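*Asks:* okay, structure incoming, though there's no sequence with it:
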């Protein structure tokens with residue numbers, strides 16, 4: 001009987017030892033917990049990415065031009081987007097034609113001569129938005145009373161044979177136009193070889209000014225005016241040259257990394273009336 005008891009006790013101890021070894025096995029070598037919050041790469045410059053505006057008084061053959069909206073790319077890689085416009089209530093095809101203009105910003109300032117150099121006057125800045133690519137040239141600016149925006153075309157000897165101007169509302173071609181010396185300026189506007197203080201980002205291009213409308217003088221060609229220059233000290237002059245390409249923008253732009261893209265929505269009405277909502281969505285292309 002004693003021998004049997006010893007065998008039984010040994011068996012129990014063996015099982016207990018196996019249990020201890022099993023409890024000590026490593027379940028894992030470590031773990032990583034990541035709380036992830038991935039933000040949307042492209043945002044629209046409106047609260048909650050939704051912009052609302054109300055426009056009234058639309059009639060047959062009128063154009064409805066939106067505010068300037070900006071897409072902001074927070075990523076450091078390109079993002080392709082597409083603009084899609086819908087109508088509620090739905091319309092017959094052709095009753096409303098929607099197009100989009102790619103926009104940019106230009107600063108105009110008053111200038112004064114300091115030691116013979118034309119120098120921007122601090123505090124006189126005037127910001128305008130203008131079309132870079134689109135079917136029509138559009139501009140958006142809060143101008144002083146009596147002022148208009150004009151496109152100024154220089155002649156080769158621009159300091160004696162002065163510029164003529166076209167109202168921006170009458171522009172119906174790409175800028176700069178043929179015959180504008182600034183399109184192929186030599187010396188150009190990047191190196192200050194002309195000695196007048198011009199250090200522009202764009203070496204050649206078109207000039208946009210804000211002037212008193214009363215300074216428009218003789219109409220030297222259809223829609224082209226000379227100036228009286230009576231108030232030139234109060235003109236708002238260009239701080240850079242621009243380009244405008246008159247063509248349909250296909251609304252499928254690539255937004256470059258860490259850059260913005262501004263645009264307007266233009267609706268042409270070929271119907272006697274429309275009372276509803278026009279929605280333009282920005283979606284991944």
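*Replies:* Here it is on my side, so go on. Everything quoted here is computed from the prediction, not taken from an experiment.

*Asks:* any regions of this structure where pLDDT drops low?
*Replies:* Applying pLDDT under 70 to the chain flags the ranges 1-24, 58, 191-198.

*Asks:* wait, what's in contact with residue 70?
*Replies:* Residue 70 makes contacts with 44, 45, 260, 261, 262, as judged by Cβ atoms under 8 Å, 6 or more residues apart in numbering. Heads up, the C-betas are built off the backbone N, CA and C, glycines and all.

*Asks:* dump these to CSV, plus distance to residue 206 and secondary structure.
*Replies:* Below are these laid out as CSV (distance: Cβ to Cβ, whole Å; DSSP: H, G, I helix; E, B strand; the rest coil):
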residue, distance to residue 206, secondary structure
44, 29, strand
45, 27, coil
260, 22, strand
261, 21, strand
262, 19, strand
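
*Asks:* output the residues you listed as CSV; include the columns neighbour count.
*Replies:* Shown next, in CSV, are those (neighbours: other Cβ atoms under 10 Å):
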residue, neighbour count
44, 15
45, 13
260, 13
261, 21
262, 18
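
*Asks:* out of those, who's nearest residue 243?
*Replies:* Proximity of those to residue 243 (Cβ to Cβ) peaks at residue 262, which lies at 15.5 Å.

*Asks:* which residues does stretch 145-155 contact?
*Replies:* With Cβ under 8 Å, 6+ apart, stretch 145-155 has contacts from 128, 139, 141, 143, 161-168, 171, 175-177, 179-182, 185, 206-214, 224-225, 236, 238.

*Asks:* give me the buried subset of these.
*Replies:* Using 16 or more other Cβ atoms under 10 Å as the burial test, the contacts of stretch 145-155 include 128, 139, 141, 143, 163-166, 168, 171, 175-177, 180-182, 185, 206-212, 224-225, 236, 238 as buried.

*Asks:* ok, back up a step: just send the contacts of residue 70 back as JSON lines, with distance to residue 118 too.
*Replies:* Listed next are those as JSON lines, based on distance: Cβ to Cβ, whole Å:
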{"residue": "44", "distance to residue 118": "39"}
{"residue": "45", "distance to residue 118": "34"}
{"residue": "260", "distance to residue 118": "30"}
{"residue": "261", "distance to residue 118": "32"}
{"residue": "262", "distance to residue 118": "29"}
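
*Asks:* from these, which is closest to residue 71?
*Replies:* residue 261 (4.7 Å).

*Asks:* quick one: the helices in the protein?
*Replies:* Under the criterion DSSP state H, helices of the chain are mapped to 2-23.

*Asks:* select the longest strand from the protein.
*Replies:* strand 96-109 (DSSP state E).

*Asks:* what helices and strands are in contact with that strand?
*Replies:* Strand 96-109 makes packing contacts with strand 79-88, strand 126-134, strand 207-212, strand 237-238, strand 260-269, strand 277-284 when contacts are defined by 3 or more Cβ pairs under 8 Å, 6 or more residues apart in numbering; DSSP states H and E.

*Asks:* ok now it, how far from the chain's centre?
*Replies:* Distance of strand 96-109 from the chain centroid (Cα atoms, centre = their mean, to the nearest Å) equals 8 Å.

*Asks:* what comes up buried for that strand?
*Replies:* Buried-residue list, strand 96-109, by 16+ other Cβ under 10 Å: 96, 98, 99, 100, 101, 102, 103, 104, 106, 108, 109.
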